[in-house]
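Asker: turn this into a structure:
(chains A, B and C)
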Amino acid sequence: MTDLARLFDALLKAYGPRNWWPAQTPFEMMVGAVLTQNTSWKNVEKAIANFGDRLTPAFIAEALPEEIACIIRPSGYYNQKAIKLKALTAWYQRYGCDIGKARQANGEQLRGELLAVKGIGPETADAILLYALYKPFFVVDAYTRRILHRLGYEVPQAYESVRGMFEANLPRDVYLYNEFHALLVEHAKRHCQKQPACGRCPLEAVCLERNLKEW
DNA sequence: TTCCTGACTT
DNA sequence: AAGTCTGGAA
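Answerer: Numbers count the residues shown, from 1 in each chain, chains lettered A, B, ... in the order given. Predicted coordinates for the structure are as follows:
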């Protein structure tokens, strides 16, 4: 059993299954992945709610960027994200906006297509691959890096290297990656914020940053 | 004033 | 490497 597998077990024991991603439909999941770029989830929820019954590929494909920008205003970067949502939707139309059809495609091919979409980088692509398309790519975000760093890991700069760390040391399993990333987010929000709240941290026994303070 | 599950351009 | 995009909550 690897260190990362032990970390997963500790987080799962501490927080329980997260049952991610918080969305009603796969398309809503993909939209949320774009809207949450460098943005708090609270603000994304407001933007999602503003869509009402318009959170569909048909609406986004037809609407002007200005109209979408108005709807998603609370999520920030609304002009850029409006364009990103239209680009994402254009990609989805290649599969007839049919998630079942998209899931039949090869994971590596889908990843290449998503990375080619303007405004979708590696983190957003992997989130969509994992949580909407059920492809086993580990999602690396700022929380992942911060937690690993504080635990004492050497965290590479390159996104793909960090992803490789996880995928090389864990079984390539969609459910495992789903829960692991969700648990890292939960841990970052509850304890491992930028200004860490180490009181009653479930990882305190194994956390290097905590131990350094004790020294 | 800082921070938020980034990605792109210069 | 640094600058840009942005509102909202703490």
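Asker: which residue is it, in chain A, that comes closest to DNA strand C?
Answerer: Residue of chain A nearest DNA strand C, by Cβ to the nearest atom of the strand: A:Gly76 (1.8 Å). C-beta coordinates here come from the backbone N, C-alpha and C atoms, glycine included.
Asker: backbone phi and psi for the spatially closest residue to that residue that is not a sequence neighbour, please?
Answerer: Using Cβ to Cβ, 6 or more residues apart in numbering and skipping residues adjacent in sequence, the residue nearest A:Gly76 is A:Thr39, 5.0 Å away. With angles defined as degrees, to the nearest 10, A:Thr39 sits at phi -140, psi 140.
Asker: which pLDDT value goes with A:Thr39?
Answerer: With respect to pLDDT, A:Thr39 scores 98.
Asker: and for A:Ala58, the neighbour number?
Answerer: Neighbourhood size, A:Ala58 [other Cβ atoms under 10 Å]: 11.
Asker: distance of the residue of chain A closest to DNA strand C relative to A:Val44?
Answerer: 9 Å (Cβ to Cβ, to the nearest Å).
Asker: looking at those two, which one has more neighbours?
Answerer: Between A:Gly76 and A:Val44, A:Val44 has the larger neighbour count (other Cβ under 10 Å), namely 22 against 17.
Asker: that one and A:Val162, how far apart?
Answerer: 24 Å.
Asker: and A:Asn50, by the same measure?
Answerer: A:Asn50 sits 34 Å away from A:Val162, taking Cβ to Cβ as the criterion.
Asker: okay, the two: which has more neighbours?
Answerer: More crowded of A:Asn50 and A:Val162, by other Cβ under 10 Å: A:Val162, with 20 against 15.
Asker: not counting its own residues, what contacts the strand or helix carrying the more buried one?
Answerer: Take DSSP states H and E as the rule and A:Val162 turns out to sit in helix A:159-169. Helix A:159-169 is contacted by residues A:2-5, A:122-123, A:126, A:136-138, A:140, A:144-145, A:148, A:155-156, A:177, A:180 when judged by Cβ atoms under 8 Å, 6 or more residues apart in numbering.
Asker: next up, the contacts around the residue of chain A found nearest DNA strand B.
Answerer: Per Cβ to the nearest atom of the strand, A:Gly121 is where chain A lies closest to DNA strand B, at 2.3 Å. Counting by Cβ under 8 Å, 6+ apart, A:Gly121 touches A:Leu115.
Asker: state the mean pLDDT of the helix holding A:Val162.
Answerer: Rounded mean pLDDT across helix A:159-169 is 98.
Asker: output the contacting helices and strands for the next helix or strand after that helix.
Answerer: Counting by DSSP H and E, the next helix or strand C-terminal to helix A:159-169 is helix A:174-190. Contact here means 3 or more Cβ pairs under 8 Å, 6 or more residues apart in numbering; DSSP states H and E; on that basis helix A:174-190 packs against helix A:3-15, helix A:122-131, helix A:142-151.
Asker: coming back round to it: quick check on the contacts of helix A:159-169: which are buried?
Answerer: Buried by 16 or more other Cβ atoms under 10 Å: A:4, A:122-123, A:126, A:136-138, A:140, A:144-145, A:148, A:155, A:177, A:180, out of the contacts of helix A:159-169.
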